[in-house]
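> Build me a model from this:
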Amino acid sequence: MQFRERRRVIQVIRTLYDPAIKRGRSEVVGSLDQANPMLDDALRAACSPDEIAEITEFLQRLRERQSRQAGAEAVQGLPAQMRLAESWLRQQNEHEIGPLAAEIWTAWSDLSKALHKTGIGKSKHRD
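Okay, here's the model as predicted:
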């Protein structure tokens, strides 16, 4: 099976050997939605059990890759988000941020532990 990723869909392609032309012939078996890739009934009916297993494995790898990308994007944008949050928090009173405070402190603690675990400790230089 081959998987061709397009903008909005992922094409599932099967290659079968054609003795008349003495080479493989590709056929699109079905497609998956790029935003929410799921193995639907039509695709399941068109594939053999081995092909279904291959598609399932591909979907697992795709979800892992998307999760890693989302995490990387979150980390890239985190400093800017933190500066924006700092500015917003300075303009609020205690009653407006009270319900969020415990969650913010817990997330801050978890982030600090994750940074420390990766070997990135607190900087001795403070601005």
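> how about the strands of the chain, start to end?
2-5, 9-18, 23-33 (DSSP state E).
> Reformat those as JSON lines; add mean neighbour count, distance to Ala46 and mean pLDDT.
Backbone N, C-alpha and C define where each C-beta goes, glycine included. Converted to JSON lines, the strands of the chain look like this (neighbours: other C-beta atoms under 10 Å; distance: least, C-beta to C-beta, whole Å; pLDDT from 0 to 100):
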{"stretch": "strand 2-5", "mean neighbour count": "14", "distance to Ala46": "15", "mean pLDDT": "94"}
{"stretch": "strand 9-18", "mean neighbour count": "14", "distance to Ala46": "9", "mean pLDDT": "93"}
{"stretch": "strand 23-33", "mean neighbour count": "14", "distance to Ala46": "5", "mean pLDDT": "92"}
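> so what are the domain limits for this protein?
Split into domains by automatic domain parsing, the chain comes to 2-67, 79-117.
> Just name the most buried of those.
Of the domains of the chain, the one with the most neighbours on average (mean count of other C-beta atoms under 10 Å) is domain 2-67, at a mean of 13.
> tell me how far it is from the chain's mean position?
19 Å (C-alpha atoms, centre = their mean, to the nearest Å).
> still on that earlier bit, can I get the domains of the chain in CSV with distance to Glu73?
Below are the domains of the chain laid out as CSV (distance: least, C-beta to C-beta, whole Å):
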stretch, distance to Glu73
domain 2-67, 10
domain 79-117, 11
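> Compare the ones you listed and say which comes out lowest on pLDDT.
When those are ranked by mean pLDDT, domain 79-117 comes last with a mean of 88.
> quick one on the thing from earlier: figure out which of the strands of the chain is closest to Thr118.
strand 2-5 (30.4 Å; C-beta to C-beta).
> Contacts for that closest one next, please.
Contacts of strand 2-5 with the rest of the structure, by C-beta atoms under 8 Å, 6 or more residues apart in numbering, involve Ile10, Gln11, Val12, Ile13, Arg14, Thr15, Ser26, Gln34, Phe58.
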